[in-house]
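*Asks:* how would this look folded up:
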Amino acid sequence: MRHTLATASAALLLVSGTACSSDVIDSTPPTIPAATPAQSPPAVTAPAGVIRPLAGTPTAATFDTASAALLVLVPGPRPEDAASLVVVPAGGGAPRTMGLPAPATALTTDGAGLAYLSTRGGYLVVEIDSGNTTRVEVSDEADTDFTAITRRGDGRIVLGTADGAVVILADADAANSPATVSHRSKIFARVDSLVSKDNTTVVLDRGQTSVTAMDAEGNAAQSLRAGEGATTIVVDDAGRVLVTDTRGDELLVFSADPLIMRQRFPVSAAPYGLAGSDGLAWVSQTASNTVIGYDLSTGIPVEKVRHPTVQQPNNLGYDADTDTLYVVSGSGAGVQIIARASGTR
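*Replies:* From the prediction side, this is the model:
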């Protein structure tokens with residue numbers, strides 16, 4: 001693995017150096033193949049907790065505290081088909097599926113009952129309780145393939161694009177269409193995921209296996225290599241930025257402002273899914289159908305608990321109020337709900 005990283009890094013430097021020596025600026029940053037979750041084997045150990053069926057192939061999940069529900073993004077069968085948002089109540093009610101008016105690529109919430117989903121040309125705002133959905137177009141971006149979305153502490157929406165741009169919208173929680181752009185910066189190969197800590201946005205680019213912190217004005221403050229194949233990023237309740245290095249079998253922990261790697265720890269079996277809290281950081285192992293809870297408070301991750309999961313545990317959500325962990329299968333095995341997951345309640 002380390003030799004692979006060194007070879008890939010050398011290749012990237014060679015490409016960059018060649019471009020500089022000929023005074024040619026390549027508009028597309030050099031990349032390596034993006035890492036992906038392992039293809040999980042069939043689950044041989046009974047998963048912990050209970051399992052609820054879920055149709056489709058989910059691509060994102062997050063827990064919304066205001067609505068006390070897990071939100072799961074399920075794309076349509078074809079890229080051009082409209083997606084669905086599945087709401088799994090924490091209290092044990094039946095999951096509720098809300099059809100969306102367009103395809104969607106990424107999901108975030110405001111923690112107050114609204115979900116935001118990126119789509120081509122703009123984003124969708126969904127009232128989780130009622131299901132009412134508003135489409136917000138972004139001015140002069142009708143043909144833009146938005147691939148990532150986050151909401152900053154000041155309420156402003158930030159979008160990422162398939163061709164490597166970060167777009168900051170001018171108004172907080174813009175509900176009127178079209179929304180206007182206050183800043184656009186195209187310095188990435190592709191924006192695969194965005195998270196926010198206060199008004200700092202952290203960008204994950206899988207092809208460059210990098211994380212980059214952007215300040216409130218949209219300037220790239222710091223950028224760091226994130227292992228050998230970073231795939232998933234979240235911000236936990238303590239403000240730590242967690243990243244899975246799926247190809248390098250590591251959990252990486254950063255601060256956001258300034259962007260500094262604070263911890264790195266080996267996690268075997270293709271770590272991919274992430275959920276964070278101020279207690280434990282949850283990491284799924286896609287090659288072994290396992291999820292592990294790590295205590296990060298001592299300066300080095302310490303394993304506290306592990307659970308067997310459904311097949312292909314690609315997405316995680318965590319309800320800190322009830323210590324409930326949600327594991328969403330990427331292969332159609334449903335949503336796994338593990339009560340008292342950390343064992344402290």
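*Asks:* Can you tell me who the nearest residue to Asp110 once chain neighbours are set aside pairs with across the strands?
*Replies:* The shortest distance from Asp110 to any non-neighbouring residue, by CB to CB, 6 or more residues apart in numbering, is to Arg151 (5.6 Å). C-beta here means a position set from N, CA and C on the backbone, and glycine is covered the same way. Counting by DSSP bridges, Arg151 is bridged to Ile157.
*Asks:* which residues does Arg151 contact?
*Replies:* Arg151 sits next to Thr108, Thr109, Asp110, Tyr116, Ile157, Val158, Asp173, Ser196 when contact means CB atoms under 8 Å, 6 or more residues apart in numbering.
*Asks:* Repeat that for Ser139.
*Replies:* Ser139 neighbours (CB under 8 Å, 6+ apart): Pro178, Ala179, Thr180, Val181.
*Asks:* Identify, from these, the entry nearest to Asp192.
*Replies:* Closest approach to Asp192 among these (CB to CB): Val181, at 20.4 Å.
*Asks:* Hmm, Glu141 and that closest one touching each other?
*Replies:* Yes - under the criterion of CB atoms under 8 Å, Val181 makes contact with Glu141 at 7.2 Å.
*Asks:* who has more neighbours, these two?
*Replies:* Glu141 (20 against 16; other CB atoms under 10 Å).
*Asks:* if we can go back for a sec, hey, what's in contact with both of Val181 and Glu141?
*Replies:* The contact sets of Val181 and Glu141 overlap at Val167 (CB under 8 Å, 6+ apart).
*Asks:* For Pro29, see how far away the residue nearest to Asp110 is.
*Replies:* Going from Arg151 to Pro29 by CB to CB, to the nearest Å gives 26 Å.
*Asks:* do you know how far Pro58 is from Thr97?
*Replies:* 12 Å.
*Asks:* Likewise for Gly160?
*Replies:* 26 Å.
*Asks:* Those two: which is more packed in?
*Replies:* Between Gly160 and Thr97, Gly160 has the larger neighbour count (other CB under 10 Å), namely 28 against 15.
*Asks:* So the more buried one: helix, strand or coil?
*Replies:* Look at Gly160: counting by DSSP: H, G, I helix; E, B strand; the rest coil, its state is strand.
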